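> this one's structure only:
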């Protein structure tokens, strides 16, 4: 019932636009601060790794192991990926372009931050992103998705016009030599 309402209702479309722009603003602001103010994820990663050991561990050991053996050795890559990803997710949500994908990528980042032991606004943003994802195209209907998705659909769902040019042999009972 709610799923259908989120996907088709015009009031839901308006509410989703407000939610989408709010979440987008949160992401674009965080990404912009990291892009312009310098960003180094190594301290955050080391802190999360430290929270994954001992009796009072608040980070799952498997996640701490991933951070220690995959993320920390490649911190330079994450120093580019995180700010650019946050900014692009925000931009996509604010403009309503590839809205569902942008919300999904935001959800992935929020989940990674939560797994790393930070709560902050990650839970609220994650829940709003789930609503945006569930509502599919209705969340971006008041945005550029209205035209972008329509254009992409027209590219991939072109009708086969060659069938209209062939003679109708089966219907007329005549055989074609084509």
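Nice, I can see it. Being a predicted model, the structure only gives us computed values, none of them experimental.
> would you list every one of the helices in the chain?
For the chain, the helices defined by DSSP state H occupy 2-8, 10-37, 42-50, 61-66, 75-95, 99-115, 122-135, 145-156, 162-165, 169-172.
> with mean pLDDT and mean neighbour count added, can I get those in CSV?
For the C-beta atoms, the positions are set from N, CA and C on the backbone; glycine is no exception. Output for those, formatted as CSV (pLDDT from 0 to 100; neighbours: other Cβ atoms under 10 Å):
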stretch, mean pLDDT, mean neighbour count
helix 2-8, 85, 13
helix 10-37, 96, 17
helix 42-50, 96, 17
helix 61-66, 97, 15
helix 75-95, 97, 19
helix 99-115, 96, 20
helix 122-135, 95, 19
helix 145-156, 86, 12
helix 162-165, 53, 8
helix 169-172, 52, 9
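> centre of the chain to stretch 15-24, how far?
Between the centre of stretch 15-24 and the centre of its chain there are 13 Å (Cα atoms, centre = their mean, to the nearest Å).
> if we look at that stretch, which residues are touching it?
6, 89-96, 99, 102-103, 106, 125, 128-129, 131-132, 135, 138-143 (Cβ atoms under 8 Å, 6 or more residues apart in numbering).
> stretch 74-92 now?
24-32, 34-35, 39-42, 45, 71, 97-99, 101-103, 105-106, 109.
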